[in-house]
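Novice: based on what follows, work out the 3D shape:
(one chain, ligands or ions: 2)
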Amino acid sequence: MPSNNASNGSPHTTKPAPTPSPLRASKFFQSNMRILVTGGAGFIGSHLVDKLMENEKNEVIVVDNYFTGSKDNLRKWIGHPRFELIRHDVTETLLVEVDQIYHLACPASPVFYKHNPVKTIKTNVMGTLNMLGLAKRVGARILLTSTSEVYGDPLVHPQPESYWGNVNPIGVRSCYDEGKRVAETLMFDYHRQHGIEIRIARIFNTYGPRMNIDDGRVVSNFIAQALRDEPLTVQAPGTQTRSFCYVSDMVDGLMRLMEGKHTGPINIGNPGEFTMLELAETVKEIVNPKVEIKMVENTPDDPRQRKPIISQANESLGWEPKVKLRDGLPHMVEDFRQRLGLPKN
Ligand SMILES: NC(=O)c1ccc[n+]([C@@H]2O[C@H](COP(=O)([O-])OP(=O)(O)OC[C@H]3O[C@@H](n4cnc5c(N)ncnc54)[C@H](O)[C@@H]3O)[C@@H](O)[C@H]2O)c1
Ligand SMILES: O=c1ccn([C@@H]2O[C@H](COP(=O)(O)OP(=O)(O)O[C@H]3OC[C@@H](O)[C@H](O)[C@H]3O)[C@@H](O)[C@H]2O)c(=O)[nH]1
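Specialist: Ligands and ions are numbered 1, 2, ... in the order given. Take a look at the predicted model:
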């Protein structure tokens, strides 16, 4: 039965979940759990695939259109008998038989999601509808990677899941933040109306190896700039804050959420909060103490502060992040050095 613990609404759940595939309840569990990861060629998705593939009882199917992801992130699994990779755009329907769906497909860097905003909103709305339709047909449990951006430029700080947010519905970020808000709505409506088993993670800024070098997000920008001896571009005023979660902690949180009993939405993020100037100083100190820090113009509607309250994740999933920013950054620096063809430090 779907659980009844949504934090952001009245008690709900009307219908029982559609009958899942017999694999899910297999008494012997000889057979594999078949897991679909949309956006699995991307940054978080590929780390999630690595972890799912560690379990020999899992079969993993990735669908991705390679807009911001790459086959290279999955190269160690291509050809593996428990792994399949499909070039597919989630705005089109998909027919596969699966037991669980991790629905990540969506560009996440503001530079990329603003590049073709109509496509971004289609991905969030039609992509999520298609994946919910699939979940309904085959009785799969589905997890959506929503975002801290649903809180907009938050007037409540730090942010609990019960906060409804402060979002500009017509701004340049709306294709993403309003898109994810509609995706959350669709998840809950399918849950209430059709009994689908849903899970919603609200992910806060995540960093780690395999981010695109020219992804445009702040941690990857600063590291690439420091390694290339280019000034670190702090967008004004530099006092805006973010809370950065290392990717292995994120994957652990997502898997616990999928396996647990709680629909969410649940914040998954690291509450360690930094201003962008502090982040630039930290990267400078770790990577290249001689590099310059340069103030540049900001983009519209940039949230001024962001920090998750994670007590729900802690209580319902037994989850908390383990990797501090200063411990996570060096792994990413090493990965960037390798990919940029620079000598090891
Ligand atoms: N990384 C973060 O800090 C963060 C924070 C909040 C939420 N999220 C969410 O987590 C998910 C993964 O983010 P990420 O950081 O790994 O980003 P990413 O850009 O590296 O990965 C997204 C993947 O989705 C694929 N994709 C995009 N549109 C698609 C479409 N229409 N059809 C099929 N595939 C498509 C891309 O090619 C890419 O492989 C996204 O849903 C994002 O919104 C990420
Ligand atoms: O070069 C840069 C890039 C960004 N920034 C600043 O760094 C902060 C973070 O910007 P990012 O582009 O990394 O990401 P944002 O926090 O704005 O959005 C992110 O939020 C959560 C996820 O859903 C997404 O991964 C992404 O949308 C912003 O205040 C931005 O102004 C810089 O100071 N310099």
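
Novice: for the residue most central in space within the chain, give me its contacts.
Specialist: What sits nearest the mean C-alpha location of the chain, by C-alpha atoms, centre = their mean, is residue 145, with 4.8 Å. Residues near residue 145 by C-beta atoms under 8 Å, 6 or more residues apart in numbering: 39, 44, 102-104, 106, 201, 203, 254. Where you see a C-beta, it was placed from the backbone N, CA and C, and this is true even at glycine.

Novice: kindly indicate the member of these with the most neighbours.
Specialist: residue 102 (30 neighbours; other C-beta atoms under 10 Å).

Novice: neighbours around residue 198, how many?
Specialist: Residue 198: 27 neighbours (other C-beta under 10 Å).

Novice: isn't it right up against residue 188?
Specialist: Yes - if you go by C-beta atoms under 8 Å, residue 198 and residue 188 touch, sitting 7.1 Å apart.

Novice: one step back: quick check: closest non-adjacent residue to the residue nearest to the centre of the chain.
Specialist: Once flanking residues are discounted, residue 145 sits nearest to residue 104: 4.7 Å by C-beta to C-beta, 6 or more residues apart in numbering.

Novice: helix/strand/coil for the nearest residue to residue 41 once chain neighbours are set aside?
Specialist: Spatial nearest neighbour of residue 41, excluding adjacent residues (C-beta to C-beta, 6+ apart): residue 69 at 3.2 Å. In three-state terms, and counting by DSSP: H, G, I helix; E, B strand; the rest coil, residue 69 is coil.

Novice: residue 69: what's it in contact with?
Specialist: Residue 69 neighbours (C-beta under 8 Å, 6+ apart): 39-43, 45-46.

Novice: and this structure, which residues reach ligand 1?
Specialist: Proximity of the chain to ligand 1, by C-beta under 6 Å from any ligand atom, involves residues 38-39, 41-45, 64-69, 89-91, 104-108, 123, 127, 145, 147, 203, 205-206.

Novice: what is the burial count for residue 77?
Specialist: By the criterion of other C-beta under 10 Å, residue 77 has 20 neighbours.

Novice: residue 65 versus the nearest residue to it once chain neighbours are set aside, what's the distance?
Specialist: Once flanking residues are discounted, residue 77 sits nearest to residue 83: 4.2 Å by C-beta to C-beta, 6+ apart. Using C-beta to C-beta, to the nearest Å, residue 83 is found at 18 Å from residue 65.

Novice: and for residue 247?
Specialist: Distance of residue 247 to residue 65, computed by C-beta to C-beta: 21 Å.

Novice: next one: residue 110
Specialist: Applying C-beta to C-beta, the value for residue 110 to residue 65 is 19 Å.

Novice: same thing with residue 85?
Specialist: In terms of C-beta to C-beta, residue 85 sits 12 Å off from residue 65.

Novice: follow-up on the earlier one: partners of the residue nearest to residue 77 in the sheet?
Specialist: Counting by DSSP bridges, residue 83 is bridged to residue 60.

Novice: isn't it right next to residue 71, touching?
Specialist: No - taking contacts as C-beta under 8 Å, residue 83 lies outside contact range of residue 71: 12.0 Å.

Novice: and residue 201, that one's in a helix?
Specialist: No - counting by three-state DSSP, residue 201 is located in no helix; its state is strand.

Novice: tell me which residue of the protein is furthest from the middle?
Specialist: Max radial position in the chain (C-alpha atoms, centre = their mean) goes to residue 290, at 33.3 Å.

Novice: how about it, nearest residue that isn't a chain neighbour?
Specialist: residue 229 (7.9 Å).

Novice: which residues touch that neighbour?
Specialist: So residue 229 contacts 288, 290-291 (C-beta under 8 Å, 6+ apart).

Novice: doesn't residue 277 fall inside a helix?
Specialist: Yes - counting by three-state DSSP, residue 277 is part of a helix.

Novice: please list the residues of this structure that sit near ligand 2.
Specialist: With the criterion set to C-beta under 6 Å from any ligand atom, the chain comes near ligand 2 through 108, 110, 147-149, 205, 217-218, 221, 233-235, 240, 242, 276, 298, 302.

Novice: can you flag which of the residues you listed belong to strands?
Specialist: 147, 233-235, 242 (DSSP state E).

Novice: I'd say residue 293 and residue 285 touch.
Specialist: No - using C-beta under 8 Å, residue 293 is not in contact with residue 285, being 11.2 Å away.

Novice: tell me which of the two has more neighbours.
Specialist: Neighbour totals were compared for residue 293 and residue 285, and residue 293 leads with 18 against 12 (other C-beta under 10 Å).

Novice: so what's that one bridging to?
Specialist: residue 232.

Novice: and the strands in the stretch 1-150 of the chain, which stretches?
Specialist: Under the criterion DSSP state E, counting those that start in this stretch, the stretch 1-150 of the chain contains strands at 33-38, 58-64, 83-87, 100-103, 141-147.

Novice: could these go into CSV alongside mean pLDDT and distance to residue 157?
Specialist: Formatted as CSV, the strands of the stretch 1-150 of the chain follow (pLDDT from 0 to 100; distance: least, C-beta to C-beta, whole Å):
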stretch, mean pLDDT, distance to residue 157
strand 33-38, 96, 32
strand 58-64, 97, 35
strand 83-87, 98, 41
strand 100-103, 98, 29
strand 141-147, 98, 17
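
Novice: which residue ranges of the stretch 101-250 of the chain form helices?
Specialist: Secondary structure of the stretch 101-250 of the chain, counting by DSSP state H, counting those that start in this stretch: helices at 110-113, 117-138, 174-194, 218-227, 247-259.
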